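Trainee: I would like to see how this sequence folds:
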Amino acid sequence: QDAASSTSSGLVPEGVRACEHFFDMRGAGGNVTDRCSSLMARLMGGARRTEEGLVLDGKDGTYASLDPWPFGGPTSIEVYVRYANFDTHFARVFNFSQNNDDDRVYVCNYNSGGKALICWLVAQGSNGKYICRDSTCFD
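Mentor: The predicted model follows:
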């Protein structure tokens, strides 16, 4: 089902937009068009798409670059991740930022003494809040 039409199906309460942005990285090909707008996700470096989703090799310069849009207010983000390993400390799952990383929201992995953690960080300027939790899904 198309993400933008789920309100009419009753999946989303009346008056709530089903989506602002929806980038489905599964499938063959290159860049991805947002299903809810005309924004693009451009594959950079060695990033590639498969039937399972976006594949990144963990090297600097391999990512999907999203066209900018105003970000803020109540936000929900859904992402599924499968790491090949945790060799890269603070490898970002996603990183939304502006002003050379001054204002940012990101989720990353964190290796603490061989224990895999997932961390959320929200920062404005140099003031940031983060939460790191272990997860049995990494075992």
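Trainee: Return the distance of the closest residue to Leu54 other than its chain neighbours relative to Tyr130.
Mentor: Counting by Cβ to Cβ, 6 or more residues apart in numbering, Met25 is the residue found nearest to Leu54 once chain neighbours are left out, at 3.8 Å. To be clear about C-beta, it is placed using only N, CA and C from the backbone, and glycine gets the same treatment. Spatial separation of Met25 from Tyr130 under the definition Cβ to Cβ, to the nearest Å is 25 Å.
Trainee: Which of the two has more residues huddled nearby?
Mentor: Between Met25 and Tyr130, counted using other Cβ atoms under 10 Å, Met25 has the larger neighbour count: 18 against 12.
Trainee: that's a helix at that one, yeah?
Mentor: No: the assignment for Met25 by DSSP: H, G, I helix; E, B strand; the rest coil gives coil, which leaves it out of any helix.
Trainee: Confirm for me that it is in contact with Ala41.
Mentor: Yes: with contact defined as Cβ atoms under 8 Å, Met25 and Ala41 form a contacting pair (7.3 Å).
Trainee: Run through who's touching stretch 41-60.
Mentor: Applying Cβ atoms under 8 Å, 6 or more residues apart in numbering, the set of residues contacting stretch 41-60 from outside is 23, 25-34, 61-67, 80, 84, 87-88, 91.
Trainee: circling back: identify the contacts common to Met25 and Ala41.
Mentor: Common neighbours of Met25 and Ala41 (Cβ under 8 Å, 6+ apart) are Val32, Ala64.
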